[in-house]
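*Asks:* Below is the structure, and that's it, no one-letter string:
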Ligand code: XMP
């Protein structure tokens, strides 16, 4: 990976560390978080163009506060310390850090004293985001103050000779509107990066590195048809062809026709060795009588592992298991200090495989953010209907059928949901929608069709916009579209005679109904 220019971020546990990586990658410069205590010799070997020391929750005064290898500051590679990273740098080089009287948290306005480096061509005053207790009160030898505020006179420091810099504020967050410009000056002017990192290159490198790692061995990969596992499967297939064996568990709880599409796209069009476990009946029999949402999840999770393990055993001697772990998963599951760890989040479907299945993990997109994975998918010619797919919960339609899940109710919901998808996809702005789906309620109401009285189910529409699924707002679906969805479901789907629209936001509601 590091044959190309890159920026190393030593991670001291800030909640913003991955944002720094993201901002830099947006400039087409590869950037990666590494442990805060990565030895200078290792960095010298991996040759980053620049090193960023992230912020973190610690104070340099705490016993056991995480410290970088002091050699990092002597490599001759440009260094930028942010917040805690600045304080630590100042202290290691002989400056003074003082405990703040109170924590400064929020917006501040800096006055720029020196426009020659990080602040080149930027205004003399800028809004920035501060979040700190301690601050640098005396510069180490060779450093100058390049920006300050009333309460934090040394808000930025520079030693142009050694190319070591510090920022007390956070340039990576949106509340520092010109923060990206500051980072750009570091990355391009100071570190000399050219910004030629492209997804095509990433895909090429990833394919080559999988090929080398796997050699003659075989790899098992769980394919769900979602974006991440699809990209991983196709990437691996490009790398090792028939040594890749994908397992697709059809749990009978997928959207209308989805199982067939997955088989057709990956098995037929891409020619991947795809093992389909048609387990709908088993899942549904295990869900019989289960109405509690968490119990549904447990049953489905355990059944998935059981079937996946059985399929994997049939494949014999595969040594590797490929997973679509993404960068945010890696960061989320790492300890607050210490940088990325190898823990697999429990929500990862194959995290709990039985002990006899000892695989080495292959996670080719673990350094990427979701939108970057999509870009790799496009490079690999994965069709748009897969790349653009909305998130879909592992337990599938089971958590969209309130109450007991029966084969009949799954079929009704699939039909209703199909109408929702078709009508929503006609909206010019349908890409702004995070998720849109139907929910089948355990409520029957009276209706009239022709001359007959009906007594059938109610279906709810859920359409939300969101950035990450953590918060969400209901999407203002045009009345005409709502009308079309309602008409089509009531006229075309037997078993539903009423459609309602969910206008709740998250929080306090959740996106899924269960
Ligand atoms: P909620 O309903 O918690 O959903 O607002 C947030 C996001 O997570 C998805 N979701 C799940 N995904 N297994 C999954 O893989 C689950 O059990 C699960 N529950 C919710 C949901 O679709 C939304 O995108």
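*Replies:* Structure's in. What do you need? Bear in mind that the values here come from a model prediction, so they are computed numbers and not experimental data. Numbering: from 1, shown residues only.

*Asks:* So for the residue of the chain positioned farthest from its centre, what's the pLDDT?
*Replies:* Ranked by distance from the centre of the chain (C-alpha atoms, centre = their mean), the top residue is residue 451, with 52.6 Å. For residue 451, the model assigns a pLDDT of 88.

*Asks:* Next up, phi/psi of it, please.
*Replies:* Comment: the main-chain dihedrals of residue 451 come out as phi -100, psi 10, following degrees, to the nearest 10.

*Asks:* Show me where this structure has its helices.
*Replies:* Per DSSP state H, the chain carries helices over the ranges 17-25, 40-46, 84-92, 179-184, 199-214, 227-240, 258-262, 280-286, 293-314, 327-332, 370-379, 384-387, 407-424, 479-492.

*Asks:* Please identify the most buried of the ones you listed.
*Replies:* Comparing those by mean neighbour count (mean count of other C-beta atoms under 10 Å), helix 84-92 ranks first with a mean of 26. Every C-beta, even on glycine, is put in place using the N, C-alpha and C of the backbone.

*Asks:* And for residue 269, the neighbour number?
*Replies:* The local packing of residue 269 (other C-beta atoms under 10 Å) involves 12 other residues.

*Asks:* quick one: the spatially most central residue of the chain and the ligand, what's the gap?
*Replies:* By C-alpha atoms, centre = their mean, the chain has its centre lying nearest to residue 328, at 4.2 Å. Using C-beta to the nearest ligand atom, to the nearest Å, one obtains 13 Å as the distance from residue 328 to the ligand.

*Asks:* And residue 44, by the same measure?
*Replies:* Applying C-beta to the nearest ligand atom, one obtains 41 Å for the distance of residue 44 from the ligand.

*Asks:* Now do the contacts for that residue.
*Replies:* Contact partners of residue 44, counting by C-beta atoms under 8 Å, 6 or more residues apart in numbering, are residue 75.

*Asks:* go on, residue 233?
*Replies:* Listed by C-beta under 8 Å, 6+ apart, the contact set of residue 233 reads 221, 223, 244, 246, 266, 270, 272, 322.

*Asks:* Repeat the analysis, applying 10 Å as the threshold.
*Replies:* Applying C-beta atoms under 10 Å, 6 or more residues apart in numbering, one finds that residue 233 lies in contact with 219, 221-225, 244, 246, 248, 266, 270, 272, 274, 322, 324, 380, 382.

*Asks:* right, and residue 304 touches residue 249 too?
*Replies:* Yes - using C-beta atoms under 10 Å, residue 304 and residue 249 qualify as a contacting pair, with a distance of 5.8 Å.

*Asks:* which residues are common contacts for the two?
*Replies:* Here residue 304 and residue 249 share the contacting residues 222, 224, 277, 279, 283, 349, scored by C-beta under 10 Å, 6+ apart.

*Asks:* Let me see the mean pLDDT of stretch 415-422.
*Replies:* According to the model, stretch 415-422 has a mean pLDDT of 98.

*Asks:* I meant stretch 386-393, not that one.
*Replies:* What stretch 386-393 shows for mean pLDDT is 93.

*Asks:* For residue 105, which non-adjacent residue is spatially closest?
*Replies:* Distance criterion C-beta to C-beta, 6 or more residues apart in numbering; nearest residue to residue 105, sequence neighbours excluded, is residue 131 at 5.1 Å.

*Asks:* For the one you found, which residues are in contact?
*Replies:* Listed by C-beta under 10 Å, 6+ apart, the contact partners of residue 131 are 14-16, 55, 83-84, 103-106, 168-170, 173, 175.

*Asks:* what do you get if the cut-off is 8 Å, keeping everything else the same?
*Replies:* Taking C-beta under 8 Å, 6+ apart as the criterion, residue 131 is in contact with 55, 83, 103, 104, 105, 106, 170.

*Asks:* gap between the last one and residue 469?
*Replies:* Residue 170 is 24 Å from residue 469, where distance means C-beta to C-beta, to the nearest Å.

*Asks:* Same check on residue 125?
*Replies:* Using C-beta to C-beta, we find residue 125 at a distance of 37 Å from residue 469.

*Asks:* The two: who's more crowded?
*Replies:* residue 469 (14 against 11).

*Asks:* OK, contacts around that one?
*Replies:* Taking C-beta under 8 Å, 6+ apart, we find residue 469 in contact with 391, 434, 511.

*Asks:* check contacts around residue 263.
*Replies:* Going by C-beta under 8 Å, 6+ apart, residue 263 touches 248, 274, 276.

*Asks:* Pretty sure the last one sits against residue 250.
*Replies:* It stands for residue 276. Yes - using C-beta atoms under 8 Å, residue 276 is in contact with residue 250, at 6.1 Å.

*Asks:* which intervals of the protein have sub-threshold pLDDT?
*Replies:* In the predicted model, the chain carries pLDDT under 70 at residues 1-3, 330-351.

*Asks:* Where do the domain boundaries of it fall?
*Replies:* Using automatic domain parsing, the domains assigned to the chain come out as 6-190, 199-387, 400-501.

*Asks:* how about TSV for those domains, with distance to residue 507 added?
*Replies:* Listed next are the domains of the chain as TSV, based on distance: least, C-beta to C-beta, whole Å:
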stretch	distance to residue 507
domain 6-190	20
domain 199-387	17
domain 400-501	7
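
*Asks:* Leaving out sequence neighbours, find the closest residue to residue 117.
*Replies:* Leaving out its chain neighbours, the residue that sits closest to residue 117 by C-beta to C-beta, 6+ apart is residue 158, at 5.5 Å.

*Asks:* Please identify the residues of the protein in proximity to the ligand?
*Replies:* Contact residues, the chain versus the ligand (C-beta under 6 Å from any ligand atom): 297, 347, 391, 393, 394, 395, 435, 469, 506, 510, 511, 512.

*Asks:* who's in contact with the first one?
*Replies:* Spelled out, that is residue 297. Residue 297 sits in contact with 394, 395, 399, where contact means C-beta under 8 Å, 6+ apart.

*Asks:* can you rerun that using 7 Å?
*Replies:* Neighbour list for residue 297: residue 395 [criterion: C-beta atoms under 7 Å, 6 or more residues apart in numbering].

*Asks:* buried set for stretch 56-69?
*Replies:* Under the neighbour-count criterion of 16 or more other C-beta atoms under 10 Å, stretch 56-69 has 56, 58, 60, 65, 66, 68, 69 buried.

*Asks:* no, scratch that, I was asking about stretch 431-447
*Replies:* Using 16+ other C-beta under 10 Å as the test for burial, stretch 431-447 gives 433, 434, 435, 436, 437, 438, 439, 440, 441.
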